[in-house]
Each structure stands twice: as structure tokens, then as C-alpha cells.
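1. coordinates only, sequence not included:
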């Protein structure tokens, strides 16, 4: 990992830590309401850590005042839903389970 990417990761991790500290001041119901934001921001950090970005990409993001929050806001504006992905996962699980049942039936001569 190059030095600028390390600096970016440190910057967004610090931003995340400040975000979590601010959440701890809220009551538990408000924290629960922000669960999606907590998880998504952690996922953004992972994506930044594991993605392949050019030096220009990194410089562009690191120059933002609050890159984590800006990426999160951009994500929300795209209105991307994971429901479709969850639906696909459910269907894949059903298919896998049905295949397993068919194999068991065939082994038992049904």
C-alpha cells in the first residue's frame, strides 16, 4: 500500500472514530436508527483499503474535508439498494438446498 493511500486510510479511520464517539453521546434508540450508517461507513473504509485506486483517485479523495462522510452521502444519493442482492442470495440458497435435497433423495433411491 502506498504512502498516500495509507494517509487516506488513516484520515477516514480517524473520521470514523470521531463519528463513533459522537454516536456514543446519543441514546440507544438513535444509535440503532443509525446502524446502517455505522455499517456502511465501515464498509467504505474496507473498500478504500482493498480497492485499486490511481494516485489521482487517492489525491482527489484525500483532499476532501470529510471523505468518509462525503462518500457515504454520495452512496445515499445513488439510492442503491442491496435488496436485489439479498433476493439473489435467498434464491441461490434455495437452489443449493433443493440440489442437496435432490442428491439425498437420489442416494436413497427416491
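-> Yep, that arrived. This is a predicted model, so every value here is computed, not measured. Residues are numbered from 1 along each chain as shown.
2. Stretch 59-68: end-to-end distance?
-> When the termini of stretch 59-68 are compared using Cα to Cα, to the nearest Å, they are 14 Å apart.
3. Quickly find the element holding the residue most central in space within the chain.
-> The centroid of the chain falls nearest to residue 43 when counting by Cα atoms, centre = their mean (2.8 Å). Element membership for residue 43, per DSSP states H and E: helix 35-50.
4. now what about the longest helix belonging to the chain, what contacts it?
-> What stands out as the longest helix in the chain, according to DSSP state H, is helix 83-107. The contact list for helix 83-107 (Cβ atoms under 8 Å, 6 or more residues apart in numbering) is empty. Any C-beta I mention is one placed from the backbone N, CA and C, and that applies to glycine too.
5. Pull the distance from it to the chain's centre.
-> Helix 83-107 has its average C-alpha position 25 Å from the chain's average C-alpha position, going by Cα atoms, centre = their mean, to the nearest Å.
6. Please work out the average pLDDT along that helix.
-> The predicted model gives helix 83-107 an average pLDDT of 87.
7. In terms of residue numbering, what are the domains of this protein?
-> 3-79, 81-110 (automatic domain parsing).
8. Return the most buried member of those.
-> domain 3-79 (a mean of 13; mean count of other Cβ atoms under 10 Å).
9. Sketch out the low-pLDDT regions of the protein for me.
-> Within the chain, the segments meeting pLDDT under 70 span 1, 79-80.
10. and if we set it to 80?
-> By pLDDT under 80, the low-scoring segments of the chain are 1, 79-87, 110.
11. what's the host helix or strand of residue 74 packed up against?
-> Per DSSP H and E, residue 74 falls inside helix 67-78. Helix 67-78 sits against helix 3-23, helix 35-50, with contacts defined as 3 or more Cβ pairs under 8 Å, 6 or more residues apart in numbering; DSSP states H and E.
12. Save these as a markdown table, and put in distance to residue 106 too.
-> Formatted as a markdown table, the helices and strands packed on helix 67-78 follow (distance: least, Cβ to Cβ, whole Å):
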| stretch | distance to residue 106 |
| --- | --- |
| helix 3-23 | 51 |
| helix 35-50 | 41 |
